[in-house]
Structure formats: C-alpha cells, structure tokens
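J.: Take a look and give me a structure for this.
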Amino acid sequence: MTEELKQLWKVERPTITQSVSDAAKQGDRSENAEYIYGKKRLREIDSRVRFLSKRLDELVVVERTPNNQNQVFFGAWVTLENTSGEQQRYRLVGPDEFDEESAYISIDSPMAKALLKKEIDDEIHITQHGSEQTYFIVDVSYAAPAA
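T.: Sure, this is the predicted structure:
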C-alpha cells in the first residue's frame, strides 16, 4: 500500500497534472477530451491517495506469534478438512490483503470469524451458498508453508 501511494503521489499525479495543464492551454476545455479525461483521472488518484493515507495511518503490523500456537489468530495458516476428507489451507489476513489465489482470507470473512480462537481438532460450521458446511481444523501454523 505504501508503494502504491508513493507511485500515485510521486509519479502518476505529477504526470497527469502536467498533461491537464498542457490540455488546458489548448483552449476550449468543454470539448477537450485530454483535459476532461485528465481531470477525471486526477479525481480518481486523489480519492485513492486519501483512502490509502487513512488506511496506512490505521494499520498495525503484527510481528509476534501468539503464545498458544495451536489456536487460530490473525496471521495463522489453517488447514481444514471437510466431511468428504478434502483439505484446504487458508491464511487469515487483514481486509486489504485478502487474495483468493493465495488462499488469503479476510479476518472479516464469515470463515475467518468462525475460525478465530478455535484449536486443532475443533469443528466449525459455515453457511456457504445456502448450505451448511462442516470443517475440522487439522493444523494451525504461523510459519509460511514450504513451497
């Protein structure tokens, strides 16, 4: 998020500001597509910069592991097994970090909320797609899985 903010503020915004300034010098702004698009893009950049600035002020980096590493907390890798014996592995992350491809789920998701403070061998029930699913916690780890 810090890199995105820096890119927007230091690189993109000055470039777009210059192009809007150049387009404004060409005369009639009401039919100048470069000017209209540039102003729209500046509003988008400014909105994203405000959002990122507020989020970065509120974020807290969690660097220590919990005392009970068999219990599910923020940052945990959790291996679940469904009633068919299929296993899935997820990591509980912040709402700005979730990524389905990496199996990162938001701490605000129903699955993560059901997992919080549970331990190995606990059973959880989640309603997904209109049906209740049962999972068993097979493993909890705070170390990144081996590649």
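
J.: The longest strand along the chain pairs with which strands, and in what direction?
T.: Counting by DSSP state E, the longest strand found in the chain is strand 131-141. Using DSSP bridges, the strands paired with strand 131-141 are strand 77-82 (antiparallel), strand 123-128 (antiparallel).

J.: any idea how far the first one is from the chain center?
T.: Using CA atoms, centre = their mean, to the nearest Å, the mean C-alpha position of strand 77-82 is found 20 Å from that of the whole chain.

J.: after it, next one along is what?
T.: As assigned by DSSP states H and E, the chain's next helix or strand after strand 77-82 is strand 87-93.

J.: about what we covered before: residues of the longest strand of the chain that come out buried?
T.: Residues of strand 131-141 classed as buried: 135, 136, 137, 140 (neighbour count, 16 or more other CB atoms under 10 Å). Where you see a C-beta, it was placed from the backbone N, CA and C, and this is true even at glycine.

J.: Let me see the contact set for the last one.
T.: Meaning residue 140. 69, 70, 71, 72, 76, 77, 78, 79, 119, 120 (CB atoms under 8 Å, 6 or more residues apart in numbering).
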